[in-house]
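>>> Any chance you could fold what I've pasted below:
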Amino acid sequence: MEAIAHIENDYTEKFGIPRQSGLNEALLSRIVMEPAYRSPEAFRGIEAYSRLWLIWEFSEVPADTPFSPTVRPPRLGGNTRMGVFATRSPFRPNRLGLSCVELVRLAQTAQGPVLTVAGADLMNGTPIYDIKPYLPYADAFPNARVNEALTRKTLSVVIPDEIKARLPEDKIAPLTGLLALDPRPAYQTDPERIYGVRFGEYNVRFRVDGEILTVCEVTPAN
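Residues are numbered from 1 along each chain as shown. Below you'll find the predicted structure:
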């Protein structure tokens, strides 16, 4: 296989990226095709769909990582082992990811056709191997059984006005969405601890007390 595209967004490091797609739909990403796949004909009819599947690579996982039949999901505190095929861990035999994203628009640009999508959980620069339309009648099973221990929780996010004033208006909602998903490891609950996450061109520092996350500082990233 070869990559057909890569993604561009403000998720510039692994820490803080949503653990599933569709959880932070305020953040927009661009899918830029590789030169061999920039034919507009390849996208004919795609705007009839509101959602797309992306098949991509966990490119930050070293290719020579040995196979492990069990992994430790962060949502279970990082100590409980589960079978790799019972999780969505990036440490997989073929390092492949699968994400469902919202198609916002298709634009013809100097880089060829570019898709803008919402709700991606891919780090900036991630290679994409295929794009397919999402079909609700075939792909949605709302009554499917799941492991409730791995379901998401959200926090209330407080960004002081003086910090908001230093951020571009279009960055506030996606940053809030990222932080509401609680990027901390599940086993870290110290209310006095200051955490940091890189978001686009900014370093964001925050603390969490109970269900409230408060942003302490936002500075330009070096």
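>>> taking the mean pLDDT, what do you get for the longest helix seen in the chain?
Counting residues, the longest helix in the chain under DSSP state H turns out to be helix 169-180. For helix 169-180, the mean per-residue pLDDT is 96.
>>> same for it, what does it pack against?
strand 156-158, strand 195-199, strand 202-209, strand 212-220 (3 or more C-beta pairs under 8 Å, 6 or more residues apart in numbering; DSSP states H and E). C-betas here are computed from N, CA, C, even on glycine.
>>> for the residue of the chain most remote from its centre, helix, strand, or coil?
If you look at how far each residue of the chain sits from its centre, by C-alpha atoms, centre = their mean, the farthest one is residue 41, at 28.3 Å. Three-state call for residue 41 (DSSP: H, G, I helix; E, B strand; the rest coil): helix.
>>> one step back: now do the longest helix of the chain: everything it contacts.
10, 16-18, 23-28, 154-157, 159, 164, 167, 197, 199-200, 202, 204, 206, 213, 215 (C-beta atoms under 8 Å, 6 or more residues apart in numbering).
>>> circling back: the residue farthest from the centre of the chain and residue 112, how far apart?
Computed as C-beta to C-beta, to the nearest Å, the residue 41 to residue 112 distance reads 11 Å.
>>> What of residue 183?
Taking C-beta to C-beta, one finds residue 183 at 33 Å from residue 112.
>>> again, but for residue 127
For residue 127, the distance to residue 112 (C-beta to C-beta) stands at 16 Å.
>>> Give me the three-state assignment for residue 13.
Residue 13 - assigned by three-state DSSP - is coil.
>>> Next one: it relative to residue 165, how far apart?
25 Å.
>>> Weed out the non-buried ones from the contacts of helix 169-180.
10, 16-18, 23-28, 155, 157, 159, 167, 197, 199-200, 202, 204, 206, 213, 215 (16 or more other C-beta atoms under 10 Å).
>>> tell me, what residue is most central in this structure?
In the chain, the residue lying closest to the centroid (C-alpha atoms, centre = their mean) is residue 121, at 1.6 Å.
>>> mind checking how far residue 129 is from residue 94?
As judged by C-beta to C-beta, residue 129 and residue 94 stand 10 Å apart.
>>> repeat for residue 69
15 Å.
>>> partners of the longest strand along the chain in the sheet?
Looking across the chain with DSSP state E, the single longest strand is strand 96-109. Using DSSP bridges, the strands paired with strand 96-109 are strand 51-57 (antiparallel), strand 112-118 (antiparallel).
>>> Can I get those strands in TSV including distance to residue 103?
Output for the strands paired with strand 96-109, formatted as TSV (distance: least, C-beta to C-beta, whole Å):
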stretch	distance to residue 103
strand 51-57	5
strand 112-118	6
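>>> Reformat those as JSON lines; add mean pLDDT, distance to residue 2 and mean neighbour count.
Output for the strands paired with strand 96-109, formatted as JSON lines (pLDDT from 0 to 100; distance: least, C-beta to C-beta, whole Å; neighbours: other C-beta atoms under 10 Å):
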{"stretch": "strand 51-57", "mean pLDDT": "98", "distance to residue 2": "11", "mean neighbour count": "20"}
{"stretch": "strand 112-118", "mean pLDDT": "98", "distance to residue 2": "16", "mean neighbour count": "20"}
